[in-house]
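[1] How does the following fold in three dimensions:
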Amino acid sequence: MDTATTPSPSSAHDRRHEVTLRFLAAPTDLGHSGTVDAGRVLEWVDKAAFAAATAWSGSYCVTAYVGNIHFRYPVQVGEMVEVTGTVLHTGRSSMHINTVVRSGDPKTGQLEERARCLVIFVAVDGNGKSTEVPRFEPQSLEQELAQQYALDRVPVRNEITALLNSQEPAGEGTAERVVLRFLAAPTDVNWGGKVHGGIVMEWIDSAAHLCSSRYCGQDTVAVFSGGIRFLQPLHIGDLVEVDARLIYTGSKGMHVWVEVRSGDPKSGDLRVTTNCITVMVARDDEGTSVPVPRWEPSSSEDKRLWQLARDMLEIRGRAPGNRLPNHLLEKN
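    Purely as a prediction, here's the structure:
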């Protein structure tokens, strides 16, 4: 893996605010859909954003939030991949990082955009407490506009967070549901000794794929993941539950609520570490998305989660520059 990182100077003005990772998509990156899965792309996003955050802050950083990411086109095995993380805005300890994934034929070097999203990292000290980061000051009109883009999305993110915080833990329902259980392995560890966000996002994608494929009886792929919140650290050796359930269907999209819980396997006391909504679509042999069966909520819990999906869609639809595809919005 080639990276454009360099040691961070002491002056905030001279610190590197952008990092690019370059590598080939390997055969081991091949997913269930015949291309690179969304979960692996999210892992790359997390790594590039982490590299940008640590280069800017000069300290260890943790993933706090991954914003809405649309998977425009799949990445093929063997393609040259370029993932760029760019600091757009800083708070006291947080860094808002725009991450863009591009890929293409390595023989021509022409790369096309596959996905992009906004990631928030928080700098922490040796005790895991948030620590102050250098302030990012835009040096061009382009950087000013990019920073404003990040700021414009803060109210929408706050509204989504408030909505999720108001929800009760998901109870029993009648919808398709899959729960994966396993121990967090040493191979999942990050540079800080905990499970890194990219691995967790791969787990989320796997569970959402299994849940949606069971529901529609076809192969499915992720086209969107929204508001991935990292609430608690996840440790090596923890018992992990990845709980995925269908909560809403559009004309083609299947909205899957995924909640990751972890804790001490001896006590079985688990707490929520991450949650999000992932939208999956079914595809035919030519890779074209196809309609899926309509799901009707029947129990009170079904109806509550169905309404949660609709509320989140409406909030995201008001985000600046965020035009959601019709098949996500339309009820089938």
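[2] Enumerate every residue touching the closest residue to His255 other than its chain neighbours.
    Spatially, and ignoring its direct neighbours in sequence, His255 is nearest to Tyr248 (3.9 Å; Cβ to Cβ, 6 or more residues apart in numbering). Glycine gets a C-beta too; all of them are placed from N, C-alpha and C. Listed by Cβ atoms under 8 Å, 6 or more residues apart in numbering, the contact set of Tyr248 reads 254-255, 295, 305-306, 309-310.
[3] Ranking by neighbours, what's the top pick from these?
    Ranked by the number of neighbours (other Cβ atoms under 10 Å), these place His255 first, at 27 neighbours.
[4] who does the helix or strand where it lies touch, helix- and strand-wise?
    In the assignment (DSSP states H and E), His255 maps to strand 254-263. With contacts taken as 3 or more Cβ pairs under 8 Å, 6 or more residues apart in numbering; DSSP states H and E, strand 254-263 sits against helix 197-216, strand 239-249, strand 270-283, helix 300-317.
[5] Parallel or antiparallel, which strands does it pair with?
    According to DSSP bridges, strand 254-263 forms sheet pairs with strand 239-249 (antiparallel), strand 270-283 (antiparallel).
[6] Can you say which of the ones you listed is packed in most?
    Ranked by mean neighbour count, the strands paired with strand 254-263 are led by strand 239-249 with a mean of 24 (mean count of other Cβ atoms under 10 Å).
[7] by how many degrees do it and helix 300-317 diverge?
    80 degrees (axes from the mean of the first three to the mean of the last three Cα atoms, to 10 degrees).
[8] distance between strand 239-249 and the chain's centre?
    Centre-to-centre, strand 239-249 and its host chain are 15 Å apart (Cα atoms, centre = their mean, to the nearest Å).
[9] quick one, what contacts Asp125?
    Here Asp125 is in contact with 59, 131 (Cβ under 8 Å, 6+ apart).
[10] re the thing from before, I'd like the distance between the residue nearest to His255 and Glu296.
    Distance, Tyr248 to Glu296, by Cβ to Cβ, to the nearest Å: 11 Å.
[11] just His235 next, same as before
    His235 is 40 Å from Glu296, where distance means Cβ to Cβ.
[12] between those two, which one's more packed in?
    His235 (16 against 11).
[13] Arg229 reaches Leu164, doesn't it?
    Yes: in this structure, Arg229 is within contact of Leu164 by Cβ atoms under 8 Å, at 7.1 Å.
[14] Give me the common contacts of these two.
    In contact with both Arg229 and Leu164: Asn275, using Cβ under 8 Å, 6+ apart.
[15] Ser225: what's it in contact with?
    Counting by Cβ under 8 Å, 6+ apart, Ser225 has contacts 38, 42, 66, 68-69, 201, 204-205, 276-279.
[16] Specify the beta-bridge partners of it.
    Following DSSP bridges, Ser225 is listed with bridge partners Ile69, Thr278.
[17] And Glu82, by the same measure?
    Under the criterion used (DSSP bridges), Glu82 bridges to Arg22, Arg102.
[18] Burial check on it, number of neighbours?
    Neighbours of Glu82 (other Cβ under 10 Å): 21.
[19] Same question for the one 5 residues further on.
    Under the neighbour criterion other Cβ under 10 Å, Val87 is assigned a count of 28.
[20] Looking at the helix or strand encompassing it now, give me its mean pLDDT.
    In the assignment (DSSP H and E), Val87 maps to strand 80-90. Summarised as a single mean, pLDDT over strand 80-90 is 97.
[21] do stretch 143-163 as well
    On average, stretch 143-163 scores 90.
[22] So for that stretch, what gets flagged as buried?
    143, 146-147, 149-150, 153, 156-157, 159-160 (16 or more other Cβ atoms under 10 Å).
[23] so how far is that stretch from its chain's centroid?
    For stretch 143-163 - counting by Cα atoms, centre = their mean - the centre lies 16 Å from the chain centre.
[24] Residues contacting it, please?
    65, 67, 86, 88-89, 96, 98, 118, 136, 138, 226-227, 229, 308, 311-312, 315-316, 318-322.
[25] Quick check on those residues: which are buried?
    The buried subset of the contacts of stretch 143-163 - by 16+ other Cβ under 10 Å - is 65, 67, 86, 88-89, 96, 98, 118, 136, 226-227, 229, 308, 312, 315-316, 319.
[26] residue contacts, Arg271?
    232, 261-263.
[27] Quick check: the gap between it and Pro169.
    For Arg271 relative to Pro169 (Cβ to Cβ), the value is 11 Å.
[28] how does the chain divide into domains?
    2-127, 177-329 (automatic domain parsing).
[29] low pLDDT regions in this structure?
    Residues of the chain meeting the criterion pLDDT under 70: 1-14, 190-193, 320-332.
[30] again, only this time at 50
    2-10, 326-327, 332 (pLDDT under 50).
[31] Between the two ends of stretch 237-256, what distance do you get?
    Stretch 237-256 stretches 27 Å from its first residue to its last (Cα to Cα, to the nearest Å).
[32] Much appreciated, bye for now.
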